[in-house]
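Participant: need coordinates for the below:
(2 chains)
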Amino acid sequence: MDSTARKRYSLVRTCLQSLKKPFELEKPSELFANEDVYQNIEKAKGFGLGSKVNEAPRSSAKSPLQMKSVLIRLWHYLFFHRAKLITVVFLIIIAVCLSLLAPYIVKQIIDHQLAGQPGLVKMLIILGSIYVLQAIVAFTQNSWMIKIAQDTVYRLRNDLFSQFHRLPIRFFTKRQQGDLMSRATNDIDNISSTLNSTFIQITSSVLLLSGIIVIMLINSPLLTLLTFSVVPLMLLGMRWITSHTSKLFRIQQRNIGRLNGFVEETLSGQKVIKAFSQEQHVVSEFAKNNKSIRISGYWAQAISGFIPKLMNGLNAFSFALVVGAGALLYLWNESVSIGTIVLFAEYARQFTRPLNDLANQWNTLLSAIAGAERVFKIMDEPVENIDETGAADIGHINGDVRFEHVNFGYEQSQLTLSDISFNVKMGETIALVGPTGAGKTTIISLLSRFYEVSSGMIYIDERPINSITRESLRSQMGFVLQDPYLFAGTIMDNIRYGNIAANDDQVVEAAKQANAHNFIMRLKDGYQTELSVGGNGISQGQKQLIAIARALIANPKILVLDEATSSIDTVTEIKIQDALQTLMKGRTSFVIAHRLNTIQQADKIAVLAQGKLVQFGSHPQLMQEEGLYRSLVEGQIVFE
Amino acid sequence: MKTFWSFSKKYTFLIVVSILLMLLELVSEIFQPFMMSKIIDDGIVGHNLNDVVLWGALLIGSSIFMFAVGIVSSFYSSYVSQYIGYDVRKKLFETIQGFTFSVFSKFSEASLMTRMTNDVVQIQNMVFMGTRIALKAPLLVIGNLIMAFIINPYLALFLVVSLPFIFGFLSYALKKNFKLFKIVQQKLDQLNRSIQQSLIGIRLIRVFVRSNYENEKFEQDSHALKEKTISTLRLAELTTPVVMLIINLAILFVIFVGHRAIFISGNASIGEVVAIINYAMRISGALSMLSWIVMAVSRVAASIERVDEVLNATDQYEDVYSFDNKQINGDIRFEQVSFQYEGSQTQTLANISFHVKQGEMIALMGATGSGKTSILQLIPLLHKHNEGKILLDHALIDSYNLPTIRQAIGYVPQDILLFTGTIADNIRWGKKDATLEEVIEAAKMAQIHETIMTFPDAYDTLIGQKGVNLSGGQKQRMSIARALVRKPSILLLDDCTSALDVQTENALLAQIRALSCTVILVTQKMSSTLIADRIIILDEGSIIADGSHEQLLQESELYKRIYASQDYARRSGQWTVQLENVTP
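Facilitator: Residues are numbered from 1 along each chain as shown, chains lettered A, B, ... in the order given. Here you go, the predicted model:
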C-alpha cells in the first residue's frame, strides 16, 4: 500500500467514524439525572448593607412552573392587546379564504376559459385582484402581529427589569449578573421570535385544518375516521417528544444563562485573569459550560427535529390507509366513489403543509416556554416587603432618631442586635464604633428599612418607623458608602443622580462644596467627562468626592456615612474630610467610623460589641469611663 | 462569511451526509404523488386489487423509510449546528482572552456577551435549518422550472422572465435587512449594557430611591429596541408577499399567453398549459419558502459579521498560551521608560529609570494620578511601554514569553475582583494546583485565615460575584492571599491595604517582608513605607526622589512634608487597630 492509498484509506476511516459520532454522545436521560447536582449551590454568607450577616441567603422561589401555567401567563400578556389580536384573527380568516379561493379560480379558468369559453380577461382581473389582496392582507396581518408581539415583549422586559428593582438585595448576592442579563435578553428574545410568527401560523393552520376536516366529514365520515385513525399515534409521538424537549429546552436556556454569567464575570475580571496568566484555565472552564450547552442543545434540537418527520410519515401512512381501504371498499361494494377517494387524496396532500407548519411552530413554542419560565421565575420571587397599610409619606423631617429596645435577628434563634436604645437629635453626629460583626451595619440596615426590627421600635421625629413608607423615608436619607459606586455616564450625570431635578448650576455648586470642582475642571472634558462602569478612569479619592457631591445635592436630613479607611494621598484626604464636614452640617449623621478624629468630633459615640450597646456618650464622657472605648483608644496609643 | 465557512469546513463530511439524507427524503417525497396516482389510476380505476396492495405497501414502506431517514438526518443536522456553535463560541472566547486592553475598550462587555450567546444561537439555528431545508427551496424552484421547460419552452420562458425581478428584490432585501438586523443587535447590546449597569449599582439605586428613574431609563432603551425591531421585521415580512405577488402575476401572464397560444398561435395544447400552471404554482410555493430563508439569512449574516468583528478586531494578540521554562528571579530595571495610554494626549510616565534588586522591597509614593499604578501594570505587560527599556533579570522584557513573566508575578490590583465560587477556589486563582495547605498558608500570611475559619463552611464558603458578601477589608486580604499562593518572584501590591487597620497591615507587611521575593508596594501610608528598603516618589509621571527613609528625610523636602503631615495623621487617623481585629 503506498502512502496516497494509505492516506485515502485513513480519510475514509475518519469519515466513517465521524458518522457514528452523533450517536455516541451522552444520552438525555443522563442529562436529566445530573440536573440536581447544580441546584443547591447557593449558601454563601451575607455581609454588608441589606444582606444577612453570617447567613446564607436562600431562594424562596417555587419548583419549576408547569408548562401550562407558563403558557397561560404568556397568553395574558398577549391578550392585553386583544382588540388588535382579534383584528389579526379576522385578517387570518380572510387570508385563509383567499388562499383557498385562488386555486379555485385557477381551476375555473382551466375548466372553462381555457376550454374555449369567453370571459378570460374578466376572470384574470378577478384572479389578479385576489393575488394583490392576498399580498396586502398577508403583509398587514404580519405587520400588526409584529407590533403586538413587540409590544408584549416590551412590557415583559420592562416588568422583568422593574422586578429587579423590587427584589430584596439579598437576592442579588447569590446570583450572577450575567445570568440575570441572559434572562432579559436571550430568554425574552426567544419569546419574541416565537410571538412574531407562531400566533399567525398556529391560527391559520388550525383554521385550514378544521376547514378541511369539515369538508371531509361531509363527503365521507367513514374515510375521515380512517384518516384520523393515526391521530392517537400522532398524539403519542408528540407527547413523548414534548416530554423530552420541554426539559431539554429548559436545560439549554439555563446553560446559556450560566455561560453568560461566566462570560460576564471573566470579562469584568479580565485584569486579574491576565495578570495571573489564567487564560488557559478560564478557557477550559468556559469549555465546560460551552460543552453543556452543546449537549443539551444537541438533544433539544435533534428531538424536536423529529416532529415534522413524524407528521410527514404519519400523513403518508394515513393516506395509504385511506386509499387502500377506499379502494377495497370501492371494489367490494362501491360504497365509496372514485371521486371521493381522489378528493380525499387531494386533501391528504393539502394536510401536509399546515401540519408541518404546526409541527415546526411547536419547537419554537417549546423553547419560548422554556425562556418564559425563567423570566416568570424571577417575577415570582418574593419582593422586598411592602409598606404597612396606613403607612404615610413622611414629608419633610427634622431628623430626630430614637431607638427603643430594638431587638433584631436574621434568624429567630440568634439575636444580632439586642436591646438597643439611644437617642439622636436633629443635626447631631453619631459615630458607630465596634469590631466587625458588632452590628454597626445592621443598625443602618434597620434605619433604612432593608430589614424590620424583631421587637422594639425606631422613631423618626417621634413617628414609629413602620408608619412611614420606605421610599419617602429613604428619600430623606443620604448615603456615602465605602465603595463609591459610579455609573457609566458623565460626571455631571453621576452627581445629578442624587437629585434628578437639579440643574447644571446646582450640580456645579454641589461639586464645589464637595471640593470636587477643581479636579473636575482640570479634566479635559470637565463635567462632561465620560466615566466607565464603576467609575474607572478616575482615582479612588476622586470617586469619593463625587459620591459626596452626589449626597450633597440630594440634601438629605439623615446621612449615613460608611467611612472608608482608604489611603488617599494627604491632599485629597484633607479635601475629603473638609467635604464631609460640609456635608454633615445640619444633618443627623450616622457614621460607621474608623478614624479617631471623626470619632472625637462626633456628638455621640455608640460603642457596640456583640450586638449590644456597651457604651454611649461623647468622647470626653467615654474617656472618663472604664470600658472598651478607653481601652481601644489607649490600645492605639500603646501600639504606636 | 469567510470565517463562517472556515468553521463549517471541519464538518464538511457530516454536512454532506445530512444534505444527502435530505435529498433522499426529497426524492421519496417527490415519488409519493407518483405512487398515489398509481394507486388511483391503475388500482382503483383499473379495478386491480393487486396494484392497490403493491403500491399501497410501497407507499407505506417509503413513508416509514422517510421517517427513519428524517430522524437520522435530524441527528446529523443538530450535531453539525451545535458543534459549529460550540466552535464559534470557543474561538470567540479564546480570541477575547488574547485581547490587549486597548482592543478591549473597543467593545463593551455587554456587547461581547450578546455576541457570544445571542448571535451564536442565531448562527446555530441557521445551520440546523440550512442543512434541512435551505437547499430544498432552490432545488424545487430549479426542478420545477426544468420540468416546465421540458413541457413547453415557449410558455416557460414567461415564467423565467419574472425571476430576475424576484431575485433582484430578494438580493435588495437581503442587503437592506442585513443592515437593519445589525442595528437591532446593537440595540440589544445597549439594552444589555443598561441591565448590567443597573445590576452592578443595585445597592446604590436602592438607597437613592432611584428605581423609578432606572425603570424609565431602561424603558427608553427597551423602547428603542422595540421600535427598531418592529420596523426591521416589517420590512423583512414584506419580502414574502412581494415575491409571491410577482410570481402570481407571472402565473396570470402565463394563463393569458397560454390562452393565446391555444387559440391563436397554436403553440401549446391545453394539457401543456395546465401542466405549466401547475408547475408555476409549485414554484410559487417554493419561492415563499425561499424568501423566508433569505430573511433568515440576512439576519444570520448580521450575526456572523458581529462575530467576525470580534475575531478580526486586531492582529495584535497577546500570546497567552505559550510558556517557556525560563526562571525569573526578580531583578527589575527600568531604563528611560515612557508610557502613554492609547488615545491619551499626555504622557503618563516620562523617562522613568530605576532598579530594584532581587529580594528588595520598594515603596512607591505619589499623588493621585502620578503614575504609580501605571508602573506596576507595565511589569506584567498589562500595558506596553512606548519608549525605553524594561529589563527583567538583565534581559529585555520582550525576550520572555508573556505567560512566563506573569507566572512569576503576584499582582494585587487596587480595585478588587473576586469570582463566584468558594473561598479556596478564589485563592487558587493564583495557583490552580495549590493544595489546601498552600491555600491556608497564603491565607495566614494575608491575615485572613482566622476570619475565614469563623465562616460556617470555612474555606468552602461560597462567595458571590465580585465578593459581594465580604467586607472591603476581607476582600482585600483575599486578593492578597491569591497573589501570595503563587509564591511569586515579584509581588506587586497596588494600594491594597487601604481597608486594613494598622495592626493587621503591619502584621501582613512583616510577613511579606520575610519572603524572599521582590516587592513593589504602592502606598500612601507612611507606616508602610518605613518597612521598605527604598522609597520612590513620583510626581506627574516622573521620579522626584529615590532612596531609603533616612536618605529621603534628609534630601527630599516633599518627603519631609509628607512625613510631617502623616505623622499627625498617624496619631489621629488610622485608628482602626483593634476595632477591626477584635473578632466577634
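Participant: please enumerate the helices of the stretch 151-300 of chain B.
Facilitator: B:153-200, B:202-207, B:211-260, B:270-311 (DSSP state H, counting those that start in this stretch).
Participant: meant to ask about the stretch 451-584 of chain B, not that
Facilitator: B:472-484, B:502-514, B:526-529, B:549-555, B:557-572, B:577-581.
Participant: ditto for the stretch 401-550 of chain A
Facilitator: A:440-447, A:470-475, A:491-496, A:504-513, A:517-522, A:540-554.
Participant: so which of the helices of the stretch 151-300 of chain B comes closest to A:Val433?
Facilitator: helix B:202-207 (22.1 Å; CB to CB). For every residue, glycine as well, the C-beta is placed using N, CA and C.
Participant: what distance do you get for the residue nearest to B:Phe67 when sequence neighbours are not counted to B:Met281?
Facilitator: In this structure, B:Phe67 finds its nearest non-sequential neighbour in A:Gly313, 3.4 Å apart by CB to CB, 6 or more residues apart in numbering or on different chains. Applying CB to CB, to the nearest Å, the value for A:Gly313 to B:Met281 is 25 Å.
Participant: repeat that for B:Val161.
Facilitator: Applying CB to CB to B:Val161 and B:Met281 gives a distance of 17 Å.
Participant: gap between the closest residue to A:Ile341 other than its chain neighbours and B:Thr240?
Facilitator: In space, and not counting its chain neighbours, A:Ile341 is closest to A:Gly326: 4.2 Å by CB to CB, 6+ apart. According to CB to CB, A:Gly326 and B:Thr240 sit 36 Å apart.
Participant: so for A:Gly313 and B:Met281, which sits in the more crowded spot?
Facilitator: Neighbour count, other CB atoms under 10 Å in any protein chain shown: between A:Gly313 and B:Met281, A:Gly313 has more, with 26 against 17.
Participant: show the contacting residues for that one.
Facilitator: B:63-64, B:66-67, B:70 (CB atoms under 8 Å, 6 or more residues apart in numbering or on different chains).
Participant: same thing with A:Ile136?
Facilitator: B:Pro241 are the contacts of A:Ile136 under CB under 8 Å, 6+ apart.
Participant: what do you get for the one 10 residues further on?
Facilitator: A:Ile146 makes contacts with A:196, B:229-230, B:233-234, B:237, as judged by CB under 8 Å, 6+ apart.
Participant: can you list the residues you listed in TSV and add distance to A:Leu225, neighbour count and pLDDT?
Facilitator: Formatted as TSV, these follow (distance: CB to CB, whole Å; neighbours: other CB atoms under 10 Å in any protein chain shown; pLDDT from 0 to 100):
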residue	distance to A:Leu225	neighbour count	pLDDT
A:Asn196	37	23	81
B:Thr229	46	25	88
B:Ile230	46	19	89
B:Leu233	42	27	87
B:Arg234	44	16	87
B:Glu237	39	22	85
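Participant: just to revisit the earlier point, buried subset of the contacts of A:Gly313?
Facilitator: B:63, B:66-67, B:70 (16 or more other CB atoms under 10 Å in any protein chain shown).
Participant: could I get those residues as a markdown table with pLDDT and secondary structure?
Facilitator: Formatted as a markdown table, the buried ones among the contacts of A:Gly313 follow (pLDDT from 0 to 100; DSSP: H, G, I helix; E, B strand; the rest coil):
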| residue | pLDDT | secondary structure |
| --- | --- | --- |
| B:Ser63 | 82 | helix |
| B:Met66 | 83 | helix |
| B:Phe67 | 85 | helix |
| B:Gly70 | 85 | helix |
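Participant: how does chain A divide into domains?
Facilitator: Following the assignment in automatic domain parsing, chain A carries domains at A:66-379, A:401-476+A:557-639, A:494-555.
Participant: what about the stretch 1-150 of chain A, any weak spots by pLDDT?
Facilitator: For the stretch 1-150 of chain A, applying pLDDT under 70 flags the ranges A:1, A:33-66.
Participant: biggest helix in chain A, by residue count?
Facilitator: helix A:120-164 (DSSP state H).
Participant: off-centre distance for that one?
Facilitator: Centroid separation for helix A:120-164 versus its chain: 28 Å, with CA atoms, centre = their mean, to the nearest Å.
Participant: about what we covered before: so for chain B, which of the helices of the stretch 401-550 of chain A sits nearest?
Facilitator: helix A:470-475 (4.6 Å; CB to the nearest CB).
Participant: flag every buried residue along that closest one.
Facilitator: A:470, A:472-475.
Participant: do the same with stretch B:162-174
Facilitator: B:162-163, B:166, B:169-170, B:173.
Participant: for stretch A:110-118, same thing?
Facilitator: Those buried within stretch A:110-118 under the rule 16+ other CB under 10 Å are A:110, A:113-114.
Participant: please apply the same query to stretch B:266-282.
Facilitator: Quick answer for stretch B:266-282 (16+ other CB under 10 Å): B:267-268, B:270, B:272-282.
Participant: residues in contact with it?
Facilitator: Contacts for stretch B:266-282 (CB under 8 Å, 6+ apart): A:103, A:106, A:110, A:114-115, B:140, B:144-145, B:147-148, B:151-152, B:154-156, B:159, B:247, B:250-251, B:254-255, B:258-259, B:261-262.
Participant: once you drop chain neighbours, what's closest to residue 155?
Facilitator: Reading this off chain A. Once chain neighbours are set aside, the closest to A:Arg155 by CB to CB, 6+ apart is A:Tyr77, at 6.4 Å.
Participant: to clarify, I was referring to chain B.
Facilitator: Using CB to CB, 6+ apart, the closest residue to B:Leu155 is B:Ile276 (4.8 Å).
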